[in-house]
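Peer 1: with the input below, show me the fold.
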Amino acid sequence: PVLADAASDYGITPVEIGRASIVGQPVHMTSPLVPATLLLISLASVDLADFHKKVIWRGAVLALVMLAVAVLVGAVPA
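Peer 2: Predicted coordinates:
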């Protein structure tokens with residue numbers, strides 16, 4: 001509801017913002033703003049920079065694959 005309200009100010013429908021949110025999830029979960037990520041990194045004694053070097057590109061690839069599939073099945077208009 002918060003994203004939908006903010007997006008409606010710019011003429012974006014709730015369905016469109018929902019699709020964008022789902023496609024962006026793999027990259028979002030690598031953010032240092034996600035407490036679970038920071039907890040797991042600290043418990044595993046891994047440096048945040050090393051974590052990002054290994055994970056962000058995988059999340060970006062996954063997000064692009066999700067977007068491509070969504071376009072192919074017609075969930076996102078091309």
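Peer 1: what about Tyr10, distance to Leu67?
Peer 2: Distance, Tyr10 to Leu67, by CB to CB, to the nearest Å: 20 Å. C-beta coordinates here come from the backbone N, C-alpha and C atoms, glycine included.
Peer 1: between those two, which is the more surrounded one?
Peer 2: Leu67 (17 against 7; other CB atoms under 10 Å).
Peer 1: name the nearest residue to that one, sequence neighbours excluded.
Peer 2: Closest residue to Leu67 apart from its sequence neighbours, by CB to CB, 6 or more residues apart in numbering: Val23 at 5.1 Å.
Peer 1: for the chain, which residues score under the pLDDT cut-off?
Peer 2: The chain contains no residues with pLDDT under 70.
Peer 1: quick check on the residue located most distally from the centre of the chain: phi, psi?
Peer 2: Here the chain reaches farthest from its C-alpha mean at Ser45, the gap being 24.4 Å by CA atoms, centre = their mean. Per-residue torsions, Ser45: phi 60, psi 50 (degrees, to the nearest 10).
Peer 1: now do the helices in this structure.
Peer 2: Taking DSSP state H, the helices of the chain run over residues 2-8, 14-28, 35-43, 48-73.
Peer 1: which of those helices is buried the deepest?
Peer 2: Stretch with highest mean neighbour count among those: helix 14-28 (a mean of 15; mean count of other CB atoms under 10 Å).
Peer 1: now for that one, which elements pack on it?
Peer 2: Counting contacts by 3 or more CB pairs under 8 Å, 6 or more residues apart in numbering; DSSP states H and E, helix 14-28 is packed against helix 2-8, helix 48-73.
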